[in-house]
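1. no FASTA, just this:
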């Protein structure tokens, strides 16, 4: 008798140990966002630390600055399918793909954003972690989270971290009428990633990616002081600014376009008057005054944390001092004589 | 046996834990006052979150109604659903107060088509008041956008700010205190701005890099400059043309220019009624201009250096006719304060910089037509070319002659009854 009960329990336990969750394509492609992040089966654990089978951790050469948060990125492509390689643009991910990004300070998880490629295009879906870090809940209106002094890093004062709302997600991810991912493009993935091998090779080996070029384009890490200053600065602007400041982005009307491939000095801001900056222009006449970062609107706005002045407008309450220093150094180095 | 039972209970618990935990989709913000199913928002706790939620979750074509009262918001609002009407209890009755705003570049951002905004006040936004980008057929109606207190450099740039849009209607709107333009329409096509009040802004109403605009029936007063029609280089859309300014009351635009210095409007001399800068095909008729201390009408070229090959910095095909001019030009400000002593200290009703070429090119025929009674004063500074060289100053009070221009058709918007 005792033995039979024990066997029954063992059978039940075994049935239960199945739930190392796996990605649930039905939930991923549902019309409406799931209430909890865990519903998607993207993580093996409730705390969102361990990727489920088929979900691959990755990182970027240069991340967007987001108030000094640590970011944990994962990609999921439906079984049997692959993203198509592109040289300049974001890879063409098949319908059903998910890009996952968690924002954290160490062990304190704040939010996880999903970008899901649904049948009618990409959708951005924000989830906010509870205080215990055991559950992340769909939060379309975003959230404001108090961050204590030093929590975001040494010397960083207390501030309010803003989880963007669903519309704000679109503001940065807009490309014409569509919404697109920003990070996963060849030049920003092309380095040794978290699995210890080159990510583009790795993604190809995993069949996540097909058609990769033999020598994909690359950009330097913006913080690599041994790399070319101009390339570092352009790489920084590319990932931190160009998602809006491009021809079909949210800041298209400014005519200030900061994409890695932009080749017009004026469009990059050199000798360019502000358009609709208002007080965001400070006391300065040009976006970039070559040789004079202290007289350039670009660095003035990057160094401000004030609504209506600070740039980027969204997703940033603190100042990226290293980024500001880099762009200052770059502007200082630009030839003062304009062509 | 007791032990067996314990094992059994445990197993059941494990089994329960195995169940399908997929929860139902979430949609509403919990707690706080209940909002009506017909889109009427209740006042009270969590108003800002409920409003933003309503704007996100709205079905296309829905109406969201704002209650009477003053509501404090700390973040910018945004709307990206087509056909939504956002309407309040009226100007000064529904007040969205952004004095404590800490995020976003404007108070309300609209990025979808066929949106109507009506019947509320936006106050003290940190950046622009209401911006609509790529939002075709938008209607701004019976709105107030204002910055309280004295005109101040730290006020937001634009009050009402449609950009990169077609079929824009702005009517019965009041804008007060913008540190750039109160009503600014940029890089857009097919525009009506009418029956509105713009006061205490740097520029009252500005049409910039836009095509086909009718601006009429507006009261434009106590700005630094009243009505501006500009074209600027280095923007995605250049080549503004076909704007008509008519039946506007443009008076006492003598507020100091409080624009941050880098912006183009910082060059607007306080005391200017109308400025046409660069641009093509502009008609100014049947307006009343009075007590603008620098000049009632300025027609000028774009003066800074530029490289944009698409851009023509000269104003071309400008017709000025049938306007009523009161006292003005008696105390020129800005750059014109320096030049005025050379022409007798005061300026006449209509002033042109006389720039007709750039980068050493041949003089262009600007076709500036002044069809006004003989007693309406005109002055060309005869500058010829920028950058300005005082030695080139060649003032003339002779009106240009012989010009002709085909009159512009009126702007037709289906939503403008």
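-> Alright, I've got the coordinates. It should be emphasised that the depicted structure is a prediction, and the values quoted were computed from it without experimental measurement. Residues are numbered from 1 along each chain as shown, chains lettered A, B, ... in the order given.

2. going forward, measure contacts between C-alpha atoms and count neighbours the same way
-> OK.

3. In chain B, where is pLDDT below threshold?
-> Counting by pLDDT under 70, chain B shows low-confidence ranges at B:1-32.

4. dump the residue contacts of the residue nearest the centre of it.
-> The centroid of chain B falls nearest to residue B:184 when counting by CA atoms, centre = their mean (1.5 Å). By CA atoms under 8 Å, 6 or more residues apart in numbering or on different chains, the residues touching residue B:184 are B:158, B:159, B:160, B:161, B:162, B:205, B:206, B:207, B:208.

5. Which secondary structure state does the first one sit in?
-> Pointing back at residue B:158 there. coil (DSSP: H, G, I helix; E, B strand; the rest coil).

6. which residues does residue B:243 contact?
-> Applying CA under 8 Å, 6+ apart, the residues near residue B:243 are B:211, B:212, B:213, B:214, B:215, B:229, B:281, B:282, B:283.

7. Confirm for me that the third one is in contact with residue B:190.
-> So that's residue B:213. Yes - counting by CA atoms under 8 Å, residue B:213 does reach residue B:190; the two are 5.7 Å apart.

8. Packing partners of the longest strand along chain A?
-> Across chain A, the longest stretch assigned as strand under DSSP state E is strand A:108-118. For strand A:108-118, the contact count by 3 or more CA pairs under 8 Å, 6 or more residues apart in numbering or on different chains; DSSP states H and E identifies strand A:98-105, strand A:121-129 as packing neighbours.

9. taking the mean pLDDT, what do you get for it?
-> Averaged across strand A:108-118, pLDDT comes to 98.

10. now the helices for chain A?
-> Assigned by DSSP state H, chain A shows helices spanning A:2-17, A:25-28, A:166-173, A:186-189, A:199-205, A:229-240, A:297-302, A:321-333.

11. got TSV for the helices and strands packed on strand A:108-118, with mean neighbour count and distance to residue A:316 too?
-> Shown next, in TSV, are the helices and strands packed on strand A:108-118 (neighbours: other CA atoms under 10 Å in any protein chain shown; distance: least, CA to CA, whole Å):
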stretch	mean neighbour count	distance to residue A:316
strand A:98-105	22	13
strand A:121-129	22	16
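
12. follow-up on the earlier one: more neighbours, residue B:213 and residue B:190?
-> Of the pair residue B:213 and residue B:190, residue B:213 is the one with more neighbours under other CA atoms under 10 Å in any protein chain shown, namely 28 against 22.

13. OK, contacts around that one?
-> With CA under 8 Å, 6+ apart, residue B:213 has these contacts: B:189, B:190, B:191, B:192, B:193, B:207, B:242, B:243, B:244, B:411.

14. Could you list which residues are in contact with the second one?
-> Think residue B:190. Counting by CA under 8 Å, 6+ apart, the residues that residue B:190 touches are B:166, B:167, B:168, B:211, B:212, B:213, B:411, B:412, B:413.

15. For the third one, grab the count of nearby residues.
-> Counted with other CA under 10 Å, residues neighbouring residue B:168 total 27.

16. That one sits in which helix or strand?
-> For residue B:168, the host element (DSSP states H and E) is strand B:166-171.

17. who does residue A:179 bridge with?
-> Beta-bridge pairing of residue A:179 under DSSP bridges involves residue A:174.

18. hang on, the earlier thing: now distance to residue A:249 too, for the helices and strands packed on strand A:108-118, in JSON lines please.
-> Shown next, in JSON lines, are these (distance: least, CA to CA, whole Å):
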{"stretch": "strand A:98-105", "distance to residue A:249": "20"}
{"stretch": "strand A:121-129", "distance to residue A:249": "15"}
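
19. Might you calculate how far the longest strand of chain A sits from the centre of the chain?
-> 10 Å (CA atoms, centre = their mean, to the nearest Å).

20. what angle do it and strand A:121-129 make?
-> Orientation of strand A:108-118 against strand A:121-129 (axes from the mean of the first three to the mean of the last three CA atoms, to 10 degrees) gives an angle of 160 degrees.

21. Need the contact partners of strand A:108-118.
-> So strand A:108-118 is in contact with A:28-29, A:93-104, A:122-130, A:133, A:136, A:163, A:181, going by CA under 8 Å, 6+ apart.

22. which of those are close to chain B?
-> Intersecting the contacts of strand A:108-118 with the contacts of chain B gives an empty set (criterion: CA under 8 Å from any CA of the partner chain).
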